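>>> everything below, folded, please.
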Amino acid sequence: MKKIWAVSLVFVIALAIVALTACEPKGPKALVAETTFNFGQIDQYDVAAHVFIIKNQGDQKLEIKRVKSTCGCTAAQPKSKVIEPGQQTEIEVKFDAGPRSGEQKKRITVETNDAATPVIQLYMEGTVVERLALDPRSIRIIDAEPNKEASGTLTMTNKSQQAITISALKADDPTVTKTVLKVNDKPAALPYKLEPGQSVVLSVTVKMPADKNFHRTSMQVITAERPDKPVTVNIVLRKKGAGGVQPGQFLPNNMMRHIPAGGPTSSMHPGIKPKSPKKPAPPTGDE
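Now for the predicted structure:
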């Protein structure tokens, strides 16, 4: 009798296994063991990189249809867009800190033909340490006169725990005619060593082009410690008497937003309808 019961039990278990196997979904199945990579702390203008691995645990080919990333991240195309059952592929993701600072979390979206998981979200997160802080973040000069020079300033502060040596100031185009560091309103010679917590004023002189209402340029602050990672200073000028903003031009405000050729859209100002182009709003003093 015991043998009969044992055989019956084995038979029932076998049937259950077969039934469970039959219920398993067929087709491709994407599996990512690690969806978030924490790169820890990096300096401004550094780049953090990581390779995410996607495995196909299904019984049919897994196709990666699209890979897209948020601002600041770039995701390389997978080594293989078609993954055979039991195989895997790699997606290399890079995060360029640029002028960002503080905690960061960037998303990478992977779209596949897995019916159960058609979209996979990957994340790069960590903290960007601001070594050389700019206040304000850019130089804005309003009411600049055509073909005449105008000057603007900002303050640079060493926020790191080590000294920073400013070795050179490099303009990106000829409209920037003069760049100088000042301490107590007096010019400071280069190279200039900034101790932790110390500040220095950057003064920039720019000539306003006669054929533009708004002009945008930039310059680089090069340090001896990181000559390959210069700090970019954006410079924006508005011509004196300039009226409304023309398509394709930049508004020199805190948002530094770009007006597309099609004109303003409601997405630029969530919840606010775009104004009629026949009655453009006059620029404010901050623009």
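
>>> report pLDDT for Gly98.
Note for Gly98: predicted pLDDT of 85.

>>> tell me the secondary structure at the closest residue to it other than its chain neighbours.
Leaving aside its chain neighbours, Gly98 sits nearest to Tyr45 (6.2 Å; criterion: Cβ to Cβ, 6 or more residues apart in numbering). No exception for glycine: its C-beta is placed from N, CA and C like everyone else's. Classification of Tyr45 by DSSP: H, G, I helix; E, B strand; the rest coil places it in coil.

>>> Tyr45: neighbour count?
Residues lying near Tyr45 (other Cβ atoms under 10 Å) number 19.

>>> now do Gly152
Gly152 has 20 neighbours, counted by other Cβ under 10 Å.

>>> which SS state does it fall under?
Criterion first, three-state DSSP; result for Gly152: strand.

>>> against Pro196, how distant is the residue nearest to Gly98?
Distance, Tyr45 to Pro196, using Cβ to Cβ, to the nearest Å: 19 Å.

>>> with Asn234 instead?
Going from Asn234 to Pro196 by Cβ to Cβ gives 25 Å.

>>> between those two, who's got more neighbours?
More crowded of Asn234 and Pro196, by other Cβ under 10 Å: Asn234, with 18 against 12.

>>> tell me which residues in stretch 173-188 are buried?
Residues of stretch 173-188 classed as buried: 175-176, 179-181 (neighbour count, 16 or more other Cβ atoms under 10 Å).

>>> among the residues you listed, name the ones in strands.
Using DSSP state E, 176, 179-181 are the members of the buried residues of stretch 173-188 that sit in strands.

>>> as a markdown table, the residues you listed with pLDDT and distance to Asn113 would be great.
Output for these, formatted as a markdown table (pLDDT from 0 to 100; distance: Cβ to Cβ, whole Å):
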| residue | pLDDT | distance to Asn113 |
| --- | --- | --- |
| Val176 | 96 | 52 |
| Thr179 | 96 | 54 |
| Val180 | 97 | 59 |
| Leu181 | 97 | 57 |
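
>>> beta partners of the closest residue to Thr179 other than its chain neighbours?
Among residues not flanking Thr179 along the chain, Leu169 sits closest, at 4.1 Å (Cβ to Cβ, 6+ apart). When assigned by DSSP bridges, Leu169 has beta-bridge partners Val221.

>>> what sits against Leu169?
Leu169 makes contacts with 179-181, 190, 202, 219-222, as judged by Cβ atoms under 8 Å, 6 or more residues apart in numbering.

>>> so the spatially most central residue of the chain versus Thr117, what's the distance?
Residue closest to the mean C-alpha point of the chain, counted by Cα atoms, centre = their mean, is Gly72 at 2.0 Å. Using Cβ to Cβ, Gly72 is found at 25 Å from Thr117.

>>> one more: Glu103?
Distance from Glu103 to Thr117, by Cβ to Cβ: 28 Å.

>>> neighbour count: the two, which is higher?
Thr117 (13 against 9).

>>> out of everything not next to it in sequence, what's closest to the more buried one?
Ala30 (5.3 Å).

>>> try Thr223
Thr223's closest residue in space is Ile164 (Cβ to Cβ, 6+ apart), at 5.4 Å.

>>> worst-scoring helix or strand of this structure, pLDDT-wise?
Of all helical and strand segments in the chain, the minimum by mean pLDDT, DSSP states H and E falls on helix 2-23, at a mean of 51.

>>> number of nearby residues for the residue nearest to Gly197 when sequence neighbours are not counted?
In this structure, Gly197 finds its nearest non-sequential neighbour in Asn158, 6.4 Å apart by Cβ to Cβ, 6+ apart. With neighbours defined by other Cβ under 10 Å, the count for Asn158 comes to 22.

>>> sketch out the low-pLDDT regions of the protein for me.
1-25, 243-287 (pLDDT under 70).

>>> domain ranges for it?
Here the domain parsing of the chain from automatic domain parsing is 30-129, 132-254.

>>> need the distance between the two termini of the shortest one.
Distance across domain 30-129, first residue to last, is 35 Å (Cα to Cα, to the nearest Å).

>>> got it, and stretch 73-88?
End-to-end distance (Cα to Cα), stretch 73-88: 22 Å.
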